[in-house]
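> Build me a model from this:
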Amino acid sequence: MRVEKLSISLDPDLGEDVRAAAEEAGVSVSAWLASAAAAQLRRKALGDFLRTWQMKNGKITDVELAKARAELGYAPRKGRR
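From the prediction side, this is the model:
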């Protein structure tokens with residue numbers, strides 16, 4: 001597999017947390033950061049898609065959101081609707 005090496009800088013506390021999370025997950029720091037970056041890119045792509053969809057089809061209603069949450073088995077975290 002071809003890889004690209006990047007050099008990053010992190011706040012020391014964040015660096016400690018990343019190392020601990022990677023260790024807990026049983027993966028290298030590089031693998032953990034790559035997974036986090038991929039997840040962030042998926043969230044961005046979904047947000048972009050939803051914005052475009054809503055521009056064409058109108059705002060997603062609370063009823064539609066509730067139905068989707070129920071179908072997906074989504075349990076909102078405290079403080080979120």
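> Against residue 9, how distant is residue 17?
For residue 17, the distance to residue 9 equals 15 Å [Cβ to Cβ, to the nearest Å]. Bear in mind the C-beta positions are built from the backbone N, C-alpha and C, glycine included.
> the more surrounded of these two?
residue 17 (12 against 6; other Cβ atoms under 10 Å).
> Which element, helix or strand, includes residue 6?
Counting by DSSP states H and E, no helix or strand carries residue 6.
> And for it, the neighbour number?
Other residues near residue 6 come to 9 when the count uses other Cβ under 10 Å.
> Listing request: residues of the chain with sub-threshold pLDDT.
Scanning the chain for pLDDT under 70 picks out 79-81.
> Identify the single longest helix in it, thanks.
Looking across the chain with DSSP state H, the single longest helix is helix 29-57.
> Would you mark the buried spots in that one?
32, 33 (16 or more other Cβ atoms under 10 Å).
> after it comes which helix or strand?
helix 62-72.
> So what touches that next one?
For helix 62-72, the external contacting residues (Cβ atoms under 8 Å, 6 or more residues apart in numbering) are 74, 76.
> Same question for it: list its buried residues.
In terms of neighbour count (16+ other Cβ under 10 Å), helix 62-72 has no buried residues at all.
> Work out the gap between that helix and the centre of the chain.
Distance of helix 62-72 from its chain centroid, counting by Cα atoms, centre = their mean, to the nearest Å, is 20 Å.
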